[in-house]
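1. Pasting the sequence and the predicted model now:
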Amino acid sequence: RSNRSSAFLTEILSDYKGAIITDGYSGYGVLQSRSEIVHAGCNAHARRKFIEAGKVVKGNADIDTVLELYRQVYKIESDWRESHPDLKELARLRDKETRPLMVELKNIISKQDASYNPSGRYGNAVKYTLNIWPQLTAFLDNPEIPIDNNQVENGIRPFVVGRKNWLFAVTMSGAHASALFYTLIEGAKAAGLNPSLYMHYLLKNAPVAVTESDWAALLPLKLKDRDFLLAE
């Protein structure tokens, strides 16, 4: 599509049930009306705004405190990934240790909400964070929801940079083709496949795919146990 309208979002997610992590773009507000969707916010986006504010508003104790609280929150997530790859343990840690930190973070910025120019860096960070607070804390109630969307952002960064350099996809069909191949390649990486070997396998077997199940069998996650396709 040529825009990011909420109508398009409703269309492509018409049959979707589950969690979705987004930034604070207002168009995503339509997700709030879908009971079958858990709309979670990306804490990396919120934290980044305070980092940028700290570069402009030097020596602000509130910004320093917010960033320290976020540092502690992220350390809990990092420590769990390294030593406790169990979702029940993550749920316990988030409820016992992370939730109080997030409550404290909200209390700090709530007190400052009317003290700063909303168009300034710090005021904008505060407003952005408070506006989507329910989404930013959704991860506390579901251990399957990541704290942020960084994994996806890291995956799409190469072609986002490319898109900026190329400037145009020229046509909608060209944009669709690019999105298709980027999705397949990043999907292969996420499944632990060697992207080059996977694309070779896909192009070799796609001509004989006829039914929907034939096509589904060619998706990266369906091939993640094929040793000859795995990344070294």
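-> Yes, it's here.
2. after the helix or strand where Arg157 lies comes which helix or strand?
-> With elements taken from DSSP states H and E, the one containing Arg157 is helix 150-166. Where DSSP H and E defines the elements, the next helix or strand beyond helix 150-166 is helix 172-190.
3. Can you dump the C-alpha atoms of that following helix in PDB for me?
-> Provided in PDB are the C-alpha atoms of helix 172-190 (Å, rounded to 0.1, in the frame of the first residue of the first chain):
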ATOM      1  CA  MET A 172       3.700  -0.700  -6.000                       C
ATOM      2  CA  SER A 173       4.400  -4.000  -7.700                       C
ATOM      3  CA  GLY A 174       8.100  -3.400  -7.300                       C
ATOM      4  CA  ALA A 175       7.600  -2.600  -3.600                       C
ATOM      5  CA  HIS A 176       5.600  -5.700  -3.200                       C
ATOM      6  CA  ALA A 177       8.300  -7.800  -4.900                       C
ATOM      7  CA  SER A 178      11.000  -6.300  -2.600                       C
ATOM      8  CA  ALA A 179       8.900  -6.900   0.500                       C
ATOM      9  CA  LEU A 180       8.300 -10.500  -0.600                       C
ATOM     10  CA  PHE A 181      11.900 -11.400  -1.000                       C
ATOM     11  CA  TYR A 182      13.000  -9.500   2.100                       C
ATOM     12  CA  THR A 183      10.400 -11.400   4.200                       C
ATOM     13  CA  LEU A 184      11.700 -14.700   2.800                       C
ATOM     14  CA  ILE A 185      15.300 -13.900   3.400                       C
ATOM     15  CA  GLU A 186      14.800 -12.500   6.900                       C
ATOM     16  CA  GLY A 187      12.500 -15.400   7.700                       C
ATOM     17  CA  ALA A 188      15.200 -17.800   6.700                       C
ATOM     18  CA  LYS A 189      17.700 -16.100   9.000                       C
ATOM     19  CA  ALA A 190      15.200 -16.300  11.900                       C
END
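4. helices and strands around that helix, which ones?
-> Where contact means 3 or more C-beta pairs under 8 Å, 6 or more residues apart in numbering; DSSP states H and E, helix 172-190 is packed against helix 150-166, helix 195-205. Heads up, the C-betas are built off the backbone N, CA and C, glycines and all.
5. looking at the ones you listed, which one has the lowest mean pLDDT?
-> Among the helices and strands packed on helix 172-190, helix 150-166 has the lowest mean pLDDT, at a mean of 72.
6. contacting residues around the longest helix along the chain?
-> For the chain, the longest helix by residue count, based on DSSP state H, is helix 61-83. When contacts are defined by C-beta atoms under 8 Å, 6 or more residues apart in numbering, helix 61-83 is touched by residues 43, 47, 50-51, 53-54, 57, 89-90, 93-94, 97-98, 101-102, 104-105, 108-109, 112, 122, 147.
7. what's the average pLDDT for it?
-> pLDDT averaged over helix 61-83 gives 94.
8. picking up where we left off before, strands - which of the contacts of helix 61-83 land there?
-> Secondary structure defined by DSSP state E assigns none of these to strands.
9. next one: phi and psi at His39?
-> The phi/psi pair for His39 (degrees, to the nearest 10) reads phi -90, psi 110.
10. and it, what does it touch?
-> By C-beta under 8 Å, 6+ apart, the residues touching His39 are Ala19, Ile20, Thr22, Tyr28, Leu31, Gln32, Gln135, Ala138.
11. Is it bridged to anything, and to what?
-> With DSSP bridges as the criterion, His39 is bridged to Ile20.
12. what stretches of the protein score poorly on pLDDT?
-> Scanning the chain for pLDDT under 70 picks out 1-5, 114, 158-169, 232.
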